[in-house]
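Undergrad: Got a sequence here, can you build the structure:
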Amino acid sequence: MYYQPYFDQEGFEYRQNRQLLKQISKAMNDEFQAVQYYTRLAELAPNKQTRQAILGIRQDEIKHFHWFAKGYLDLSGKYPPLTLGVALPSSFKRGVRDSLKDEQETVPFYRNLASQITDQQFKERILKAADDEHQHAQIFSQLATTF
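TA: Here you go, the predicted model:
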């Protein structure tokens, strides 16, 4: 007996949307944790100029957090779950190295996420966030060689 495989388009779309929401939630939570992390890193900064650079990055992360939260809300109709708590840096040098690695890993994640988004405004915001993260990585790379 031959069985025709049944393709459940509605179930497929639900699973695909659920996976997309999971990725958006991860991005939003990563941004939230970055805000906390960079607040502490700025406190550890060796000088005012460096502190201001890190606080500028922190401000971008706040903006990104709001973009992802709004995108999640628009797609799901509910507020995304928020994960509290992040291990904060204990030294400036280590915090910069970890931040550099994180920012570098975030860029391709955001670009991949943007490729799955159909809403043009949200897609553009994710791509802008990816560009910002790339710039943050450059700043942290410079700080890593300076300190």
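Undergrad: which residue packs closest to the residue sitting nearest the centre point of the chain, ignoring adjacent ones?
TA: Nearest residue to the geometric centre of the chain (C-alpha atoms, centre = their mean): Ala27, 3.8 Å. The shortest distance from Ala27 to any non-neighbouring residue, by C-beta to C-beta, 6 or more residues apart in numbering, is to Phe68 (4.9 Å). No exception for glycine: its C-beta is placed from N, CA and C like everyone else's.
Undergrad: Now do the helices in the protein.
TA: Taking DSSP state H, the helices of the chain run over residues 9-44, 48-76, 92-115, 120-146.
Undergrad: Now tabulate those in a markdown table and tack on distance to Val86 and mean pLDDT.
TA: Listed next are the helices of the chain as a markdown table, based on distance: least, C-beta to C-beta, whole Å; pLDDT from 0 to 100:
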| stretch | distance to Val86 | mean pLDDT |
| --- | --- | --- |
| helix 9-44 | 4 | 86 |
| helix 48-76 | 12 | 97 |
| helix 92-115 | 11 | 97 |
| helix 120-146 | 16 | 97 |
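Undergrad: between those, which gets nearest to Leu84?
TA: The closest of these to Leu84 is helix 9-44. By C-beta to C-beta, the value is 8.2 Å.
Undergrad: So which elements touch that closest one?
TA: helix 48-76, helix 92-115 (3 or more C-beta pairs under 8 Å, 6 or more residues apart in numbering; DSSP states H and E).
Undergrad: List the buried residues of it.
TA: For helix 9-44, burial by neighbour count (16 or more other C-beta atoms under 10 Å) applies to 20-21, 23-25, 27-38, 40-42, 44.
Undergrad: cool, and stretch 116-123?
TA: Across stretch 116-123, burial judged by 16+ other C-beta under 10 Å covers 117, 122-123.
Undergrad: just stretch 68-82 next, same as before
TA: 68-69, 71-72, 75, 80.
Undergrad: Right, I'll call it a day here.
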